[in-house]
Each structure stands twice: as C-alpha cells, then as structure tokens.
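Colleague: next input, structure requested:
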Amino acid sequence: MAAKRSRLSRSSDFQRIYRQGSSVASRFLVLYWFKRSSEAGDVGPRLGLSVSKKLGGAVVRNRVKRLLREAYQGCAQQLAVEYDVVVIARPQLIELVDRETAGEKGLVTSAMRELLARADLVLPAERG
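Modeller: The predicted structure follows:
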C-alpha cells in the first residue's frame, strides 16, 4: 500500500494539478500531472485518484481504486520524483476490472503504464 505521504488528498492539490498541469487520456483513464517545486520535499511521486459513482457502488469503486494504486506502485519507481499525478477512472475501465476479476492479470497495470509512457513521465533508462 502506498504511504500516506505519497498520496494526494487535499482538494487544493487536485485543483492545482487540474489548472496548472498537463493531461493525457486513453479510453480507460485520464492522467493529469504537475511538476512540484524543489522545496516541496523529496517524498517521491504522489498519486491522487478520482473514481466517479458512474463506475458503480462503493464496493466497485474501492476495487477500482485498489487496482489503480497497485498499478501505480508497480510503475512508481520508474517515475521522476518531483511529479504529482492524478488519475481519473473512466466508466470503460470497468471492462478491464471485470476481466481482471475473471482471471486475466495485468490489464489495469498495462493501461496505467501506457498512459504514463504517453505522458513521458517514465525515466529514460526504464523505458522498454
């Protein structure tokens, strides 16, 4: 599980990333990112999640958030330290979550990796 310090939770942090950051989208996810100032400390890349009620009830939304956090943690060591990232789940992500629940593995992780690579947030030595 991600440490509390590596998560975004304040509304002001989300609003700053939405207003001042950049974005890229896929069929399943929308990614916003913003480069923090150097005096903000070296806590590593921070993640914020937004999962709408359009995806389903609380159980479904919590499953989606857990899968997104796991996918991000798998990619976090390949990311530059100074970025704040917000991931918004689109309703089509439920397709991938259902397929993962049925036994296919790594679908959400691959969607996350693809989006991070398109945003050019993956460090050059780690690209593959």
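Colleague: contacts only, for the residue nearest in space to the middle of the chain.
Modeller: Among the residues of the chain, the one closest to the centroid is residue 87, at 3.9 Å (Cα atoms, centre = their mean). Neighbouring residues of residue 87 by Cβ atoms under 8 Å, 6 or more residues apart in numbering: 29, 30, 31, 47, 48, 49, 50, 68, 72, 112, 115. Where C-beta positions appear, they are placed from N, C-alpha and C, glycine not excepted.
Colleague: same thing but 10 Å
Modeller: Neighbour list for residue 87: 29-33, 47-51, 65, 68-69, 71-72, 93, 112, 115-116 [criterion: Cβ atoms under 10 Å, 6 or more residues apart in numbering].
Colleague: ok, residue 8 next?
Modeller: So, once contact is read as Cβ under 10 Å, 6+ apart, residue 8 ends up touching 14, 16, 17, 46, 47, 48, 49, 50, 84, 85, 86.
Colleague: mind pulling up the pLDDT for residue 39?
Modeller: According to the prediction, residue 39 has pLDDT 63.
Colleague: and the residue nearest to the centre of the chain, what element?
Modeller: According to DSSP states H and E, residue 87 maps onto strand 83-89.
Colleague: how far out from the middle of the chain is that strand?
Modeller: With Cα atoms, centre = their mean, to the nearest Å as the basis, strand 83-89 stands 4 Å off its chain's centre.
Colleague: number the chain from 2, please
Modeller: Okay, using 2 as the starting number, the last item reads as strand 84-90.
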